[in-house]
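In: Compute the structure for the input listed below.
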Amino acid sequence: MDKAQKKMPCCGVARFLTLLDGPWATLIVRELLHGPQRFTELRQALPGISAHTLTHRLKGFERHGLVTRTAYAETPPRVVYELTPLGEGLRDVLEAMRAWGDSVPEEAVANEVDHNVTDAAAVLASAECPFSSPPQISHDTRDEH
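Out: Numbering: from 1, shown residues only. Below is the predicted model of the structure:
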């Protein structure tokens, strides 16, 4: 089946999950809600994510119109990722997710954290909420992605 014949999900939740699939997708968007960031800044903000996974996710976001990638003709190369207006529209979604997650009793999550911790879940557990404090931004000049 080619792209013209593929049926788009009619449910908004299914569309959301089509574009933001996998455990790292939402966390990458969360970091980009702070503003434009370089590849290395995103990697530092998401300990445990591989360069391959981050690159793959960013390319997908760009393809779906959620992120723009700007490459500057400099030495060393500089590439900056930024949410598009469509991507910025996820701010309220992530804020609602944070508010809901904050309302869940710790006991409800404790067993799951002990038995089924993914790298992305570990980042969530260890990171400060981006809606309450700005991220630490590194100014690493090496950026090849």
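
In: number of nearby residues for H64?
Out: The local packing of H64 (other C-beta atoms under 10 Å) involves 14 other residues. To be clear about C-beta, it is placed using only N, CA and C from the backbone, and glycine gets the same treatment.

In: looking at it, it is touching L19, isn't it?
Out: Yes. Here H64 reaches L19: they are 5.2 Å apart, a contact under C-beta atoms under 8 Å.

In: which residues does Q37 contact?
Out: For Q37, the contacting residues are 31, 45, 80-82, 137, by C-beta atoms under 8 Å, 6 or more residues apart in numbering.

In: Give the PyMOL command for selecting the buried subset of these.
Out: Per 16 or more other C-beta atoms under 10 Å, the buried members of these correspond to this PyMOL selection:
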select buried, resi 31+45+80+81
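
In: got the contacts of Q37 as a markdown table, with pLDDT and distance to C10 columns?
Out: Formatted as a markdown table, the contacts of Q37 follow (pLDDT from 0 to 100; distance: C-beta to C-beta, whole Å):
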| residue | pLDDT | distance to C10 |
| --- | --- | --- |
| E31 | 96 | 30 |
| A45 | 95 | 34 |
| V80 | 97 | 35 |
| Y81 | 98 | 30 |
| E82 | 98 | 30 |
| I137 | 34 | 40 |
